[in-house]
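Asker: Sequence and predicted model, in that order:
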Amino acid sequence: MPSNVIVGLQWGDEGKGKITDLLAKNSDYVIRYQGGNNSGHSIHIKNRYFILHLVPSGVIYSGVKCIIGPGVVVDPKSFIKEIQNLESMGMNTSNVLLAKRAHITMPYHRLLDQYKEESLGKKSIGTTHKGIGPTYEDKIARIGIRVLDLLDLDIFYKKLKYNIDLKNQIFTKIFQKKTLSFKSIYEEYIEYAKTISDRIIDGVYEIHKAFHNKKKILFEGAQAMLLDINYGTYPYVTTSSTSTGGVCTGSGIPPHFLKNFIGISKAYCTRVGFGPFPTEIENEIGDVIRQKGNEYGATTKRPRRCGWLDLIALKYSCMINGINYLVITKLDVLSELKIIKVCVKYKYNNDIIQYFPADIIKNVKGVYIDFPGWKKDISSIHKYEDLPINCQKYIGFIENFLNLEIILISVGSERNQNIIKNKSLFLKIFN
Ligand code: GDP
Ligand code: IMO
Ligand code: MG
């Protein structure tokens, strides 16, 4: 059975956790394929709030197998804490499995992340300091330690020794920082190995078996398109392939296993960390959106930068990802605004352009169309026809501009605060 993919289309935090949880109900598997615990995916069910960093957002359904796939980087300390947290909230995590090929984040990765950021000064990326970049760097440099290495302590010992010796040189000679102790890290990770060993599987064979047994598989993207290492706002990006192309490389499947590419976009834009943001709102309206949308990082608690919906960036994201259906989240957040702006062109040097330039890092600014607001609470609406007419016009404009159908509109953080716009299509895709 061909699988579905969920990806964020902006700079992250579009509500992937909420939508994955919603769609996980009809899935047998939910699989993460890239990123690490830099993610923070929120799920809100009645009065319970979950924030997932590494665990796929299918975990709330105990029958769903949740795989942390080969392309993910795993910090075992953070993973174990997350599992313990979920268990303490009454969740059954026995179906949370870890692919052998995933790379492991070590304490030196977290420190390198921090030291590199410090050394960049004003040019820093604004990373989450979780060590994600340095873990992927070691993977590409072919000196990384993988989950399966924790199952063979001789190999783990040798790889760790090599890495600690190397990193201690970098710490002292380049960053003038103190060295790390091999012994304490080795002992710490042996304990982690004991705790997680039962969850370690060959992710590639498990996923292929599931596919051939006609299981319903949902791939859950982390971060988002504009943070993609190849196609995002480089160098202000994360270090993995966040787009749908990353599903194949990050889980070991061929492209024809995939069918529907569901892109998630907020009804506006946010960004955490530094880097270009053509539609950033630098006045009090940005603060209104931040407060109403509770735009504070789920992982780092940093205030998110807020901006207007950027249809040039969104069209580019849909193009790269091959999106066939759209989900718009957080439409309720715009309800208080008198005027809602939508970016339909960019001002780039002295030109007006209608594409997303590779050097977006230069001074690119949004050119807007104004929409009248609807000034009405929409958070308990469940039918598209019940939305205020100005709200429908806003949604209709997005669909026309992108030439894509919006299948779902989220109007609140709670699992049930949704408008399924086209029910028969929705059931066809997800049942
Ligand atoms: P993710 O990283 O893409 O999973 O998104 P995050 O969980 O980091 O951020 C989305 C935030 O918006 C979370 O606090 C969600 O609970 C919340 N949220 C999701 N959908 C909606 C919505 O439609 N309306 C409102 N008001 N909040 C939402
Ligand atoms: P979810 O999955 C928003 C951002 C960081 C920084 C840049 C690089 O919750 O959408 P990194 O630590 O990855 O090297 O930081 O990427 N970033 C995110 N922003 N949501 C995320 O994940 C993010 N993960 C990383 O803020 O700008
Ligand atoms: Mg998030």
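Answerer: All right, it came through fine. Numbers count the residues shown, from 1 in each chain. Ligands and ions are numbered 1, 2, ... in the order given.

Asker: In three-state terms, label the residue nearest to E220 when sequence neighbours are not counted for me.
Answerer: Once flanking residues are discounted, E220 sits nearest to T20: 4.6 Å by CB to CB, 6 or more residues apart in numbering. C-beta coordinates here come from the backbone N, C-alpha and C atoms, glycine included. Using DSSP: H, G, I helix; E, B strand; the rest coil, the structure places T20 in helix.

Asker: Surely T20 touches G58?
Answerer: Yes: using CB atoms under 8 Å, T20 is in contact with G58, at 6.8 Å.

Asker: who touches both of those two?
Answerer: Common neighbours of T20 and G58 (criterion: CB atoms under 8 Å, 6 or more residues apart in numbering): 30, 218, 220.

Asker: Tell me the one among these nearest to ligand 2.
Answerer: Closest approach between these and ligand 2, by CB to the nearest ligand atom: E220, at 9.0 Å.

Asker: before we move on, the earlier item: among the shared contacts of T20 and G58, which ones are buried?
Answerer: Neighbour counting with 16 or more other CB atoms under 10 Å marks 30, 218, 220 as buried within those.

Asker: And those, which is closest to ligand 3?
Answerer: Nearest to ligand 3, judged by CB to the ion, of these is E220 at 11.7 Å.

Asker: quick one: the closest one and Q34 touch, right?
Answerer: No: judged on CB under 8 Å, E220 makes no contact with Q34 at a distance of 9.9 Å.

Asker: quick revisit: need the shared contacts of T20 and G58 in CSV (columns: secondary structure).
Answerer: As requested, the shared contacts of T20 and G58 are exported to CSV (three-state DSSP):
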residue, secondary structure
V30, strand
L218, strand
E220, strand
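
Asker: Tell me the residues of this structure that contact ligand 1?
Answerer: 8, 12-18, 39-42, 44, 293-294, 298, 329-330, 332-333, 410-413 (CB under 6 Å from any ligand atom).

Asker: Now for T172: which residues touch it?
Answerer: Per CB under 8 Å, 6+ apart, neighbours of T172: 178-179.

Asker: tell me which residues of the helix or strand bottoming out on mean pLDDT in the chain are tucked away?
Answerer: The helix or strand of the chain with the poorest confidence is helix 423-430; it has a mean of 88 (mean pLDDT, DSSP states H and E). The neighbour-count check on helix 423-430 (16+ other CB under 10 Å) flags 426, 429-430 as buried.

Asker: same check, this time on stretch 127-142
Answerer: By neighbour count on 16+ other CB under 10 Å, the buried set for stretch 127-142 is 127-139.

Asker: And for stretch 86-102?
Answerer: For stretch 86-102, by 16+ other CB under 10 Å, it's 86, 91, 93, 95-102.

Asker: Over to stretch 141-150?
Answerer: Buried, per 16+ other CB under 10 Å, within stretch 141-150: 144-150.

Asker: Which stretches in the stretch 301-431 of the chain count as helices?
Answerer: 311-321, 389-402, 423-430 (DSSP state H, counting those that start in this stretch).

Asker: helices or strands up against the second one?
Answerer: Okay, so that is helix 389-402. Judged by 3 or more CB pairs under 8 Å, 6 or more residues apart in numbering; DSSP states H and E, helix 389-402 is in contact with helix 311-321, strand 325-329, strand 339-348, strand 364-372, strand 405-410.

Asker: What of the shortest one?
Answerer: Using 3+ CB pairs under 8 Å, 6+ apart as the contact criterion, the secondary-structure elements in contact with helix 423-430 are strand 405-410.

Asker: Contacts for the strand it packs on next, please.
Answerer: 15, 18-19, 22, 262, 325-331, 384, 387, 395, 398-399, 417-422, 425-426, 429.

Asker: Point out the residues in this protein that sit beside ligand 3.
Answerer: 13, 40, 298 (CB under 5 Å from the ion).

Asker: Tell me the most packed of these, by neighbour count.
Answerer: D13 (28 neighbours; other CB atoms under 10 Å).

Asker: Okay, strands next: where are they in the stretch 101-250 of the chain?
Answerer: 103-104, 200-201, 217-220 (DSSP state E, counting those that start in this stretch).

Asker: Could you tell me which helix of the protein is the longest one?
Answerer: helix 153-169 (DSSP state H).

Asker: how about that one: buried residues?
Answerer: By neighbour count on 16+ other CB under 10 Å, the buried set for helix 153-169 is 156, 159-160, 163-164, 167-168.

Asker: quick revisit: what are the contacting residues of the least confident helix or strand of the chain?
Answerer: With CB under 8 Å, 6+ apart, helix 423-430 has contacts from 4, 23, 26, 260, 262, 325, 405, 407-408, 420.
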